[in-house]
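> Sequence and predicted model, in that order:
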Amino acid sequence: MSGEFSGFAAPNGNAESHKTKIAIFGVGLIGGSLALCFKGKPGLEVVGHSVNAASTEKYVSRGVVDRATTSIAEAASDADFLFLCVPVGRLEEYVDELSRLPLKPGCIITDVGSTKASVVRHASKLKLQGAVFIGGHPMAGSERSGVEAASLHLLENAYYVLTPSEGTPEEAVEKLEKLLKLTRAHIVKTDAVQHDDIVGAISHLPHMIAVALVNQIAGYNETNELYRTLAAGGFRDITRIASGDPYIWRDILLNNRDVMLKLVKEWQEGMERFAGLISREDGDGIAEEFRRAGDFRSQLPERRKGMITSLYECYVDVPDHPGIIGKIATELGQAKINLSNLQIIESREDVPGVLRLSFKQEDDLDRATALLQSIGYDVHM
Ligand SMILES: NC(=O)C1=CN([C@@H]2O[C@H](COP(=O)(O)OP(=O)(O)OC[C@H]3O[C@@H](n4cnc5c(N)ncnc54)[C@H](O)[C@@H]3O)[C@@H](O)[C@H]2O)C=CC1
Ligand SMILES: O=C(O)C(=O)Cc1ccc(O)cc1
């Protein structure tokens, strides 16, 4: 092996003679984003698997993998790393299927499922014929799905949780960590059960609440369309995650059932408490709730990609006159700064507009902020 990855040993130590083969089962948003991080790197070969022949052709024609197959056995054969990137409800079947195949001794099987306890428990019960299973969960994503939504930068700067068990060989974890450096994500290790408790609270519950909230408003809208018309900025922002893939989320919530039921109960108790404050007209109590929330929120990691926001954003105060959007877009374009979205938040004739600029990379955000400030715009995060 040569170049950037010289010395990147295949898990069986057979580094020099063969490329390190990475098999990706389910090349969608997450599988495709991982594939893009690995493909084209010296010493690595990326093979995609789908149950569907049309999908395998698409993976190759979009340049996301080196080759693709509908045969699990072919994808798995001689692979050094096997990434299971299918919906959570399918993960255990894939682990079962792999346990029946002649895998390369010392290969590493990992997954990207949003829940960890059940798949880790399942894998620990199987004889994996010399393979090592390590649970994984890249904590970045978006409400989009499919290989079309995959991006080389999706996982950059995000947290990537690994859940090795007590018996997992340390050197296998190190090999996986070394490969995952290519994603530029930050590795965090924790126990699978604890993972599901925490991620249930900070990701699964917010997704559920967003869906319930949108559906509540959609119900009102049936009798008065002004609900949709007036549902601007804030509502749209906090409910973006309600547009996640229905089947991906069905599997996540069902798989994390016990955690979700406990969280929903506690959420309902929180809402009851809030309703009590309102019905008793306890203004101080309401203000205290907002104060506590504001305090905790201000301690959240800033601009951390992953949960709830997968973009880097800033706001620019702009005088409300025609042409300003084009002017800013042109300035950014001339500086070769990649803008991924641009939106007017408030724009009335007598009120200064606020333009929201979204970027996929932190560096673009930093450069845009510096450029726009240098030419006199008021930019804030
Ligand atoms: N969507 C997100 O933001 C995140 C999702 N995850 C996890 O990543 C995994 C994949 O999710 P995404 O990439 O978002 O979904 P996706 O829908 O973009 O990709 C799923 C892939 O699995 C394949 N697939 C779907 N149903 C299948 C079935 N029944 N049998 C075999 N293959 C099937 C699809 O063809 C596709 O290639 C899930 O386990 C999810 O929990 C993890 C982090 C973030
Ligand atoms: O879209 C967002 O902001 C998310 O919260 C993405 C997300 C969805 C599922 C995961 O398991 C991890 C991250």
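Right, received. Where do you want to start? Everything quoted here is computed from the prediction, not taken from an experiment. Numbers count the residues shown, from 1 in each chain. Ligands and ions are numbered 1, 2, ... in the order given.

> By mean pLDDT, point me to the weakest helix or strand of this protein.
Averaged element by element with mean pLDDT, DSSP states H and E, the chain has its least confident helix or strand at strand 341-348 (a mean of 61).

> So residue 103, which state does it fall into?
coil (DSSP: H, G, I helix; E, B strand; the rest coil).

> show me where pLDDT drops low in this protein?
Applying pLDDT under 70 to the chain picks out residues 1-17, 302-311, 319-322, 344-354, 381.

> now what about the longest helix along the chain, what contacts it?
Using DSSP state H, we find that the single longest helix of the chain is helix 257-279. Residues outside helix 257-279 that contact it (CB atoms under 8 Å, 6 or more residues apart in numbering): 196-197, 200-201, 204-205, 208-209, 253, 282, 285-286, 289. (C-beta placed from N, C-alpha, C; glycine too.)

> Any buried residues in it, and which?
259, 260, 263, 267, 277 (16 or more other CB atoms under 10 Å).

> what subset of those residues is also close to ligand 1?
Among the buried residues of helix 257-279, no residue is within reach of ligand 1 (CB under 6 Å from any ligand atom).

> Could I get those in JSON lines, plus columns for distance to residue 127?
Listed next are the buried residues of helix 257-279 as JSON lines, based on distance: CB to CB, whole Å:
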{"residue": "259", "distance to residue 127": "29"}
{"residue": "260", "distance to residue 127": "32"}
{"residue": "263", "distance to residue 127": "35"}
{"residue": "267", "distance to residue 127": "41"}
{"residue": "277", "distance to residue 127": "56"}
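
> can you give me the offset of the longest helix of the chain from its chain's centre?
Distance, stretch centre to chain centre, for helix 257-279: 27 Å (CA atoms, centre = their mean, to the nearest Å).

> Likewise for stretch 36-49?
20 Å.

> can that stretch be found next to ligand 1?
No: Stretch 36-49 lies apart from ligand 1 when judged by CB under 6 Å from any ligand atom; the minimum separation is 8.4 Å.

> quick one: buried residues of that stretch?
So for stretch 36-49, counting by 16+ other CB under 10 Å, buried means 36, 37, 38, 39, 41, 43, 44, 45, 46, 47, 48, 49.

> same check, this time on stretch 202-217
Those would be 203, 204, 205, 207, 208, 209, 210, 211, 214, for stretch 202-217 by 16+ other CB under 10 Å.

> Contact residues of the stretch 251-381 of the chain facing ligand 1?
Within reach of ligand 1 by CB under 6 Å from any ligand atom, the stretch 251-381 of the chain has these residues: residue 252.

> Show me where the stretch 251-381 of the chain has its strands.
312-318, 341-348, 351-359, 378-380 (DSSP state E, counting those that start in this stretch).

> just how off-centre is stretch 124-133 within its chain?
Using CA atoms, centre = their mean, the offset of stretch 124-133 from its chain centre is 27 Å.

> tell me the domain ranges of this protein?
3-190, 195-298, 312-380 (automatic domain parsing).

> Quick one: closest of those domains to ligand 2.
Closest approach to ligand 2 among the domains of the chain (CB to the nearest ligand atom): domain 3-190, 3.2 Å.

> Is that closest one positioned near ligand 2?
Yes: with CB under 6 Å from any ligand atom as the measure, domain 3-190 is seen reaching ligand 2 through 114, 139, 140, 141, 142, 143.

> what residues does the stretch 51-200 of the chain put near ligand 1?
By CB under 6 Å from any ligand atom, the residues of the stretch 51-200 of the chain that approach ligand 1 are 51, 55, 85-88, 90, 112-114, 137-138, 141-142, 145-146.
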